[in-house]
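Student: pasting the sequence and the predicted model now:
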Amino acid sequence: MVCHHVAYNVSDLSSFVRALMERAISRSVMELTALHPMTWLAPYWKSLYDLDQPDRPTADDAIAVLRELGIAVHQRHWTRPIQMIGETGDDQLARVARRLCLPAERLNELRVALSERPPPVEREVVTVWW
C-alpha cells in the first residue's frame with residue numbers, strides 16, 4: 001500500500017497506519033516532507049503578522065508513531081524541487097498571499113519580504129516503508 005503526502009492531514013496517524021497495514025499485500029510505503037509542507041511560510045507569518053508558527057509535526061514525529069506501534073521502519077531522506085505550479089511573479093505573489101491570508105493592500109509588504117527571503121526551491125522528503 002502506498003500513500004503520498006497525506007500524513008500531515010491525518011488526524012489519527014496510528015489508525016491510518018493500521019488501516020494501511022490491513023490492506024497491504026506485502027509492504028506499506030509512505031512519502032512525506034521532512035517538515036510540514038507549510039513550514040517554509042513561517043518567516044513570512046513572523047514578518048507580516050509577528051506570529052510564530054509551530055515547527056511540528058515532522059516526519060520524525062510520524063516515524064516515532066510507527067515505532068510506537070512496534071513497526072520496524074526503514075527510511076530514506078532525499079530532496080525534490082518545490083513545485084509552485086509554474087507560477088512566477090504576480091501569480092506566485094498572489095498564491096503566497098492567499099496562503100498567508102494577506103489582503104491585497106499588503107501585497108507590497110509581502111513582495112519586500114519575499115525579496116529579502118525568497119521561498120526555498122527544494123525541500124527534504126522522507127520515504128518510509130515497513
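Tutor: Alright, I've got the coordinates. Numbering: from 1, shown residues only.
Student: so, low pLDDT: which residues of the protein?
Tutor: 84-88 (pLDDT under 70).
Student: and stretch 55-70, what's buried?
Tutor: By neighbour count on 16 or more other C-beta atoms under 10 Å, the buried set for stretch 55-70 is 57-59, 62-63, 65-66. (Glycine included, C-beta is placed from N, CA and C.)
Student: alpha carbons of the host helix or strand of Arg123, as PDB, please.
Tutor: Assigned by DSSP states H and E, Arg123 belongs to strand 122-129. Below are the C-alpha coordinates for strand 122-129, written out as PDB (Å, rounded to 0.1, in the frame of the first residue of the first chain):
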ATOM      1  CA  GLU A 122      13.900  22.500  -2.700                       C
ATOM      2  CA  ARG A 123      12.600  20.500   0.200                       C
ATOM      3  CA  GLU A 124      13.600  17.400   2.100                       C
ATOM      4  CA  VAL A 125      11.300  14.400   1.600                       C
ATOM      5  CA  VAL A 126      11.300  11.200   3.500                       C
ATOM      6  CA  THR A 127      10.200   7.800   2.200                       C
ATOM      7  CA  VAL A 128       9.400   5.300   4.900                       C
ATOM      8  CA  TRP A 129       8.400   1.700   4.400                       C
END
